[in-house]
Every structure is written in structure tokens, then in C-alpha cells.
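1. Sequence first, predicted coordinates after that:
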Amino acid sequence: MTIYTIGFTKHSAEDFFGILQRNQVKRVVDIRINKTSQLGGFAKVPDLPYFLHAVGGIEYQAMEALAPSKELLSQYRDKSIQWNEFESKYLSLLESREVLDNLNPTDFDNSCLLCSENTPDKCHRRLLGEVLASRWGVKIVHL
């Protein structure tokens, strides 16, 4: 089983949807806090679910419980905490929400975790992917 991750920034719509189609992604799982910002361009809600379906027949699912809190993200962005502290707090937040125990691995097969960061190195989608890979023994591919 494979779970993909992608960030929409620095992608044109053509590139973004093409990447998802080439990898036969069946569902995009949106793990962002802010899904409606005009800065999201083609990736803002309600446009993204429409485009995913129209362009590639791809399902859309928002899972805000997998996103960092607004406070945690703000602390990292304004540099009041460093990445290693963000990482630790995000993983603790996932545990405290008890959301991971309620996820079904088969629901994530050929799904793609979506956030905004261009690369996965300092992004919560990578952290979540690593947790899911560890729990479920799945392959994580960063697009």
C-alpha cells in the first residue's frame, strides 16, 4: 500500500493535477488548517474538490484533526519555536486528539496527504506520513 504526500505551492495547476493523475491518486486528504485562503489559488476550498473531481475523478476529504493547531503553526512561522519543537508538539497533538487510532489504513491506499509546503522536509505531512508508515507498514512517497 502506498500513501503519497504533496504540497501545492510552487506548482502550476497543470503540474499539480498531472502529478496526482500520473501517480493514480484516488483521494486527496487535506490536512491543512486554512483551506479557504485566496493565497491557495487553485488549491483553495471549494475550488479544489471540484477541480480534483473534474480533472482526475479524484475524491477530496478534509481531515482537520490531522492538521497542526493554529497556535502551533503560528509559533513556528513567527519563529518563537524551532522545527524540532514544532515536530515534538505536533506529534503530541496527534496523540492527544486520539485521531490515529480511528483511521482505517485501507481508506488511505493511493491517497495523498495535502498541505501547502513545497517540500516535505519541514512539513507536518512528512511527520504524519512517517507515523502512518510506522503504524501500518505502508510506503510513503513524497511527490
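-> That came through, no problem. Numbers count the residues shown, from 1 in each chain.

2. Strands along this structure, start to end?
-> 2-7, 27-30, 59-62, 111-115, 139-142 (DSSP state E).

3. what's the closest of these to residue 103?
-> With CB to CB, the closest approach to residue 103 among the strands of the chain belongs to strand 27-30: 9.9 Å. Yep, even glycine has a C-beta here, placed from its N, CA and C like the rest.

4. Give me the contact list for that closest one.
-> For strand 27-30, contacts defined as CB atoms under 8 Å, 6 or more residues apart in numbering pick out 20, 45, 48, 52, 58-63, 66, 107-108, 110-114.

5. closest to residue 132 out of the strands of the chain?
-> When the strands of the chain are compared for distance to residue 132 using CB to CB, the nearest one is strand 2-7, at 6.1 Å.

6. any idea of the mean pLDDT in the closest one?
-> Averaging pLDDT along strand 2-7 yields 98.

7. same deal with stretch 121-138?
-> Stretch 121-138 comes out at a mean pLDDT of 97.

8. Tell me which of the strands of the chain is the most buried.
-> Of all the strands of the chain, strand 111-115 has the most neighbours on average by mean count of other CB atoms under 10 Å, namely a mean of 25.

9. strand partners of that one, parallel vs antiparallel please.
-> strand 2-7 (parallel), strand 27-30 (parallel) (DSSP bridges).
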